[in-house]
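> just coords:
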C-alpha cells in the first residue's frame, strides 16, 4: 500500500511492518498507540522504525492513518471529560449560595 508520511511516499505492507517491528521493544505508550502482534507501540515509535525518519518529521496521525489502512488496531488518546462533568452531581434548580439537600 502506498502512503505518504512526512511528505515522503512509502510502499508499506502488513507483513513488512510486522517484520520491521519484530524484536523491537515497545516504549511506554502514553499517547496514540498501535497494536502490532500482542504489543502496544507508541505511534511515533512505529513511524520511526518503519520510515527511518526522525520522530519530529511526522505526526502520530499520519502513522495511525497508515497503520489503520493496513489493518492494525490503533488507539487514540482518550478525551478528558468536560470540566462541568468532573464534580459531584448537583441539582439544576439549586442557585449559588442556596443550600442543597441530597
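Yes, it's here. Predicted model, so just to flag it, every value in this text is computed and none were measured.

> ok, now which ones touch the residue nearest the centre of the chain?
Central residue of the chain (Cα atoms, centre = their mean): residue 32, 1.6 Å from the mean position. Residues in contact with residue 32 (Cβ atoms under 8 Å, 6 or more residues apart in numbering) are 42, 43, 60, 61, 63, 64, 74, 75, 76, 77. Backbone N, C-alpha and C define where each C-beta goes, glycine included.

> Now render those residues as a markdown table, adding pLDDT.
What follows is these, written out as a markdown table (pLDDT from 0 to 100):
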| residue | pLDDT |
| --- | --- |
| 42 | 96 |
| 43 | 95 |
| 60 | 94 |
| 61 | 93 |
| 63 | 95 |
| 64 | 95 |
| 74 | 93 |
| 75 | 90 |
| 76 | 83 |
| 77 | 74 |
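
> which one of the residues you listed is nearest residue 19?
Lowest distance from residue 19 to those (Cβ to Cβ) belongs to residue 63, with 16.9 Å.

> nearest residue to that closest one other than its sequence neighbours?
Closest residue to residue 63 apart from its sequence neighbours, by Cβ to Cβ, 6 or more residues apart in numbering: residue 47 at 3.9 Å.

> Only the buried residues of the helix or strand the one you found falls within, if you could.
Residue 47 belongs to helix 43-51 when assigned by DSSP states H and E. Using 16 or more other Cβ atoms under 10 Å as the burial criterion, the residues of helix 43-51 that qualify are 43, 44, 45, 46, 47, 48, 50, 51.

> I'm done for today, thanks for sticking with me.
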